[in-house]
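# next come a sequence and a model predicted from it.
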Amino acid sequence: MGKHELTGGEMVEDGSGLPPAIYLRGKLVGLRAPLRADAGDASVWYEGDPPLLPEAAESLLAAGERIPWGNNPTIRLMIVALASGEIVGGLIVHRSASRTSQLALTVGERVPQRAQVQAEVLRLAVPWLLNEVGLMTVTIRIPADETSMLTAAEGAGMHTAVRLREYVVRPGGRVNLLTMERVNEDWGRRWRRHDHA
Amino acid sequence: MRDAVKVGPRLYLRRLTEEDASTLAEASHLEDETGLHEDGRIPMSVLSFEAWIRGLDASSTVFAISRRGDGGCIGTASIRNIDRVNGTAETGSGLLRREDRGKGLGTEAKQLLLEFAFGELGLHVLSSTVFEGNVRSARALRKQGYRLAGRLTANVLAAGGVIGDTLVFDITRGDWEHARQEARPAEPSGHDGAGLAGPDDQASG
């Protein structure tokens, strides 16, 4: 991914054979399920450190995709630039007991318009997880010096719930680790019997 | 004392082994306190505990809490999600039986656990979570020097369908060293953490 601008507009075919879900598509990026072939782009989407080799990435993807039909408590999604089809990052949703969740969002340091991509992904994912997937809470942990990610989380309606002191090492010091959360205030209130006349 | 890792006045911590699985499973059947376990009390199998113990890796250290002079297991104390880059981890502990709670044993076990985490492991910050209804464990954490870092809203569906918050605490090496300097000779406190510290022992803090 070069330093050129991500342009909006129509999605181009990226050769993956799998388009971003139409309900998870913004102006710049969309989210789609992973493919075996995405292993070659692990340096962009993998959330861990150090980076994965392609072989290890393929194993990781295969191991994480063994539970079908959306029943996997962990949902891994690729962030795809709509205009180019390139993978620019990854999003993982760790669900617990179908009630709570923690996100891990990775967008490459060199991705153009990185802050906008982070913001767009959270604006797509958070309402989807609360209102459609039906989770009670969505959380994400963000080091206090990652201002663009904090802004993105705030833009998705999240607020600081927990501040762990000195939890992240940086060159020259430590920074706090914030947990941002958004709560589904309607969770549990929407239950009703459907009338089947 | 077999395989003792940290030794206190009345207790010691040793490595948890598959031989302890039956004790943990039995305790899950005999628990008579409600409100300590965020997912409610669930009878658990020896097989599941054996598999869990076998599966423990370098990211977790789980100790059995034993009485001096008795190699049995009266509880567990754990350090999970050890991040050696950032020097962080999550702690949890709990006593298996009601008759051991409220006698200062949990406090002693937590002290040993902190000594191991900040001493042998050289960690910088620890965090711990407690279901808000577990007042006793929250009080025990504060007594150890943990500070409230925040609250995860509606994070737990507890017994009776009650949705509750999870309290998150942290303790830095500096807090711990300060608490040690301030500490007076140990005496029974009546403020133990409590509950079975299982594979996901958040309830026990």
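Looks like it came in fine. Numbering: from 1, shown residues only, chains lettered A, B, ... in the order given.

# what about A:Glu120, helix or strand, and which?
If you go by DSSP states H and E, A:Glu120 is part of helix A:114-127.

# helices and strands around the next helix or strand after that helix, which ones?
Tracing the chain past helix A:114-127, the next element assigned as helix or strand by DSSP H and E is strand A:137-143. Of the remaining helices and strands, those touching strand A:137-143 by 3 or more C-beta pairs under 8 Å, 6 or more residues apart in numbering or on different chains; DSSP states H and E are strand A:100-107, helix A:114-127, helix A:147-155, strand A:159-170, strand A:173-183, strand B:147-158. (C-beta placed from N, C-alpha, C; glycine too.)

# the second one close to chain B?
No - contact between helix A:114-127 and chain B is absent, the nearest approach being 14.4 Å (criterion: C-beta under 8 Å from any C-beta of the partner chain).

# and that helix, what does it pack against?
So helix A:114-127, by 3+ C-beta pairs under 8 Å, 6+ apart, packs with strand A:29-32, strand A:74-81, strand A:87-96, strand A:100-107, strand A:137-143, helix A:147-155.

# one step back: give the rounded mean pLDDT of the helix holding A:Glu120.
Averaging pLDDT along helix A:114-127 gives 95.

# and the angle from it to helix A:147-155?
Here helix A:114-127 runs at an angle of 30 degrees relative to helix A:147-155 (axes from the mean of the first three to the mean of the last three C-alpha atoms, to 10 degrees).

# what comes into contact with helix A:114-127?
Here helix A:114-127 makes contact (C-beta atoms under 8 Å, 6 or more residues apart in numbering or on different chains) with A:6, A:24-29, A:31, A:77, A:79, A:88-89, A:91, A:93, A:103, A:105, A:107-108, A:111, A:138, A:140, A:148-149, A:151-153, A:155-158, A:182.

# tell me the buried residues in the worst-scoring helix or strand of chain B on mean pLDDT?
Taking mean pLDDT, DSSP states H and E as the measure, chain B has strand B:147-158 as its least confident helix or strand, at a mean of 87. Using 16 or more other C-beta atoms under 10 Å in any protein chain shown as the test for burial, strand B:147-158 gives B:149-158.

# and the helices in chain B?
Using DSSP state H, the helices found in chain B span residues B:21-30, B:46-55, B:105-114, B:135-144, B:173-182.

# name the nearest residue to the residue sitting nearest the centre point of chain A, sequence neighbours excluded.
Geometric centre of chain A, nearest residue: A:Leu91, 2.5 Å, by C-alpha atoms, centre = their mean. Of all residues beyond its chain neighbours, the one nearest A:Leu91 is A:Leu77 (4.7 Å), with distances taken as C-beta to C-beta, 6 or more residues apart in numbering or on different chains.

# residues touching the one you found, list them.
Counted by C-beta under 8 Å, 6+ apart, A:Leu77 has contacts A:24, A:31-34, A:90-93, A:125.

# follow-up on the earlier one: could I have the buried ones of the contacts of helix A:114-127 as ChimeraX selection syntax?
This is how ChimeraX selects the buried members of these, with burial counted by 16+ other C-beta under 10 Å:
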select /A:6,24,25,26,28,29,31,77,79,88,89,91,93,103,105,107,108,111,138,140,149,152,153,156,157,158,182
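
# low pLDDT regions in the chain?
Picking chain A for this. Scanning chain A for pLDDT under 70 picks out the ranges A:1-4, A:8-17, A:188-197.

# wait, chain B
In chain B (pLDDT under 70), the answer is B:35-40, B:158-161, B:184-205.

# change it to 50
B:187-205 (pLDDT under 50).

# which residue does it have closest to chain A?
Per C-beta to the nearest C-beta, the residue of chain B with the smallest distance to chain A is B:Gly150, at 3.1 Å.

# how close does that residue get to A:Leu103?
Going from B:Gly150 to A:Leu103 by C-beta to C-beta, to the nearest Å gives 17 Å.

# B:Arg80: what's it in contact with?
B:Arg80 touches B:59-60, B:62, B:89-92, counting by C-beta under 8 Å, 6+ apart.

# for A:Tyr23, same thing?
A:128, A:132.

# switch the cut-off to 7 Å
The neighbours of A:Tyr23, taking C-beta atoms under 7 Å, 6 or more residues apart in numbering or on different chains as the test, are A:Trp128.

# checking it next. Helix, strand or coil?
The three-state assignment at A:Tyr23 reads coil, by DSSP: H, G, I helix; E, B strand; the rest coil.

# for A:Val162, find the nearest of the helices of chain B.
helix B:135-144 (14.3 Å; C-beta to C-beta).

# list the buried residues in the closest one.
Applying 16+ other C-beta under 10 Å to helix B:135-144 flags B:136-141, B:143-144 as buried.

# likewise for stretch B:17-31?
Applying 16+ other C-beta under 10 Å to stretch B:17-31 flags B:20-21, B:23-25, B:27-28, B:31 as buried.

# residue contacts, the closest residue to chain B within chain A?
Of all residues in chain A, A:Val162 sits closest to chain B, at 3.1 Å by C-beta to the nearest C-beta. Applying C-beta under 7 Å, 6+ apart to A:Val162 gives the contacts A:178-179, B:149-150, B:152, B:168.

# give the bridge partners for it, please.
On the basis of DSSP bridges, A:Val162 is bridged to A:Thr179, B:Gly150.

# for it, give its distance to A:Leu31.
A:Val162 is 26 Å from A:Leu31, by C-beta to C-beta.

# please apply the same query to B:Lys6.
Distance from B:Lys6 to A:Leu31, by C-beta to C-beta: 47 Å.

# what about the residue lying closest to B:Gly87 once chain neighbours are set aside, how many residues nearby?
Once flanking residues are discounted, B:Gly87 sits nearest to B:His124: 3.5 Å by C-beta to C-beta, 6+ apart. Residues near B:His124, counting by other C-beta atoms under 10 Å in any protein chain shown, number 20.

# thank you kindly, that will do.
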